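Participant: pasting the sequence and the predicted model now:
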Amino acid sequence: MRTVECIIKNGDCLTVLQDYPENFFDLIVTSPPYADCRAKSYGGISPDAYVEWFLPRSEQFLRVLKPTGTFILNIKEKVVNGERHIYVIELVLGLRQQGWLWTEEFVWHKKNCHPGKWPNRFRDAWERCLQFNKTRQFNMYQEAVMVPMGNWAKTRLKHLGANDVIRFNSQVGSGFGKNIANWVGRDKAFPSNVLHLATETGNRSHSATFPRSLPEWFIKLFTKEDGWILDPFVGCGTSCEVAQQLGRNSVGIDIMKEYVSIAQEKVSAKQMLLCEKKVHYDANHKR
Ligand SMILES: C[S@@+](CC[C@H](N)C(=O)[O-])C[C@H]1O[C@@H](n2cnc3c(N)ncnc32)[C@H](O)[C@@H]1O
């Protein structure tokens with residue numbers, strides 16, 4: 001049986017990663033503390049000191065990521081004194097100076113967010129997923145995240161105009177072009193860079209987990225089976241759990257012992273389940 005490794009480690013990712021070789025991971029997908037938003041649960045970093053705190057850690061990420069690999073950073077700026085603090089923007093600049101390419105930005109739209117209103121703003125229903133790479137030649141498996149064509153195709157592709165049957169270049173000079181006719185008869189399309197994913201509310205053991213569907217999407221897009229995933233701020237193990245399910249190896253690190261125990265329990269329970277399924281499958285196929 002092909003075994004998938006899933007290693008959960010306790011400690012500061014800055015020191016734990018020093019034991020890992022260069023160019024080891026295919027994907028880093030993580031959600032670090034959003035400055036001091038959850039200071040009561042797992043400590044926090046003042047937004048003014050955030051970049052200084054983050055950069056030594058991202059230097060390790062840069063070292064352990066393969067040249068073809070990708071780093072996805074799920075983060076959001078907090079409000080301080082009535083305005084958005086700019087630590088995320090400063091972090092992007094700092095990461096670029098450190099040698100990262102800021103290749104893309106995805107928006108995670110929390111589609112089940114409940115309504116809310118504050119004196120000067122509405123409910124925050126989206127977060128950033130920033131993509132960084134070491135080189136422009138990174139691996140990307142776009143077919144793995146294709147989505148059903150949707151209803152737009154039924155009307156839009158019914159009557160094609162003259163510009164729909166040729167490659168029609170954008171008139172704003174962006175270099176983008178499209179040939180609408182290419183989509184006739186297809187049942188799947190490529191998604192946009194806005195991910196409409198519901199938050200999961202059932203997790204009582206950690207106050208800031210992301211939904212499984214978030215790492216899942218990026219793991220499928222940027223890795224193949226047997227690849228290696230790193231989550232340096234793994235919390236209670238969501239990324240590792242998903243990696244394991246998708247047949248990828250993973251390393252998760254968290255500074256809080258209690259989260260590490262939860263993550264370890266979760267992945268070993270899943271490992272047993274996967275083994276049972278495999279035994280069941282093998283038994284049925286021997287008959
Ligand atoms: C936003 S939470 C991550 C939640 C995770 N995505 C999940 O689904 O459970 C950030 C995590 O970073 C951890 N953390 C904070 N500083 C750390 C450090 N220096 N090294 C490793 N983990 C750290 C916190 O304990 C916390 O669990």
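Facilitator: Structure's in. What do you need?

Participant: helices of the chain, residue ranges please.
Facilitator: For the chain, the helices defined by DSSP state H occupy 13-16, 39-42, 50-64, 87-98, 152-156, 213-222, 238-245, 257-286.

Participant: which one of those helices is the most hemmed in?
Facilitator: Mean neighbour count, computed with mean count of other C-beta atoms under 10 Å, is highest for helix 238-245 among those, reaching a mean of 26. The way it works is simple: take the backbone N, C-alpha and C, and place the C-beta from them, glycine included.

Participant: and that one, how far out from the chain middle?
Facilitator: For helix 238-245, the distance between its averaged C-alpha position and the chain's averaged C-alpha position is 12 Å (C-alpha atoms, centre = their mean, to the nearest Å).

Participant: count of residues packed around the closest residue to residue 176 other than its chain neighbours?
Facilitator: Nearest residue to residue 176, sequence neighbours excluded (C-beta to C-beta, 6 or more residues apart in numbering): residue 170, at 4.6 Å. Close neighbours of residue 170, defined as other C-beta atoms under 10 Å, add up to 10.

Participant: ok, residue 192 next?
Facilitator: Residue 192 is flanked by 10 other residues according to other C-beta under 10 Å.

Participant: do the same with residue 211
Facilitator: For residue 211, the neighbour count with other C-beta under 10 Å is 19.

Participant: can you check the pLDDT for the residue nearest to it when sequence neighbours are not counted?
Facilitator: Distances taken as C-beta to C-beta, 6+ apart put residue 200 closest to residue 211, at 4.5 Å, once the chain neighbours are dropped. According to the prediction, residue 200 has pLDDT 81.

Participant: again with residue 249
Facilitator: The score at residue 249 is 98. That number is its pLDDT.

Participant: which residues are in contact with it?
Facilitator: By C-beta atoms under 8 Å, 6 or more residues apart in numbering, residue 249 lies in contact with 4, 5, 6, 226, 227, 228, 229, 243.

Participant: nearest residue to it in space, please, no chain neighbours.
Facilitator: Residue 249 sits nearest to residue 5 (C-beta to C-beta, 6+ apart), 4.3 Å away.

Participant: do I have it right that the one you found meets residue 252?
Facilitator: No - contact criterion C-beta atoms under 8 Å: residue 5 and residue 252 do not qualify, at 11.4 Å.

Participant: compare those two (neighbour count), which wins?
Facilitator: Set side by side, residue 5 and residue 252 show more neighbours around residue 252, with 30 against 14, by other C-beta under 10 Å.

Participant: quickly list what the more buried one is bridged to.
Facilitator: Here residue 252 sits in beta bridges with residue 8, residue 231, going by DSSP bridges.

Participant: having no further points to raise, I will conclude here.
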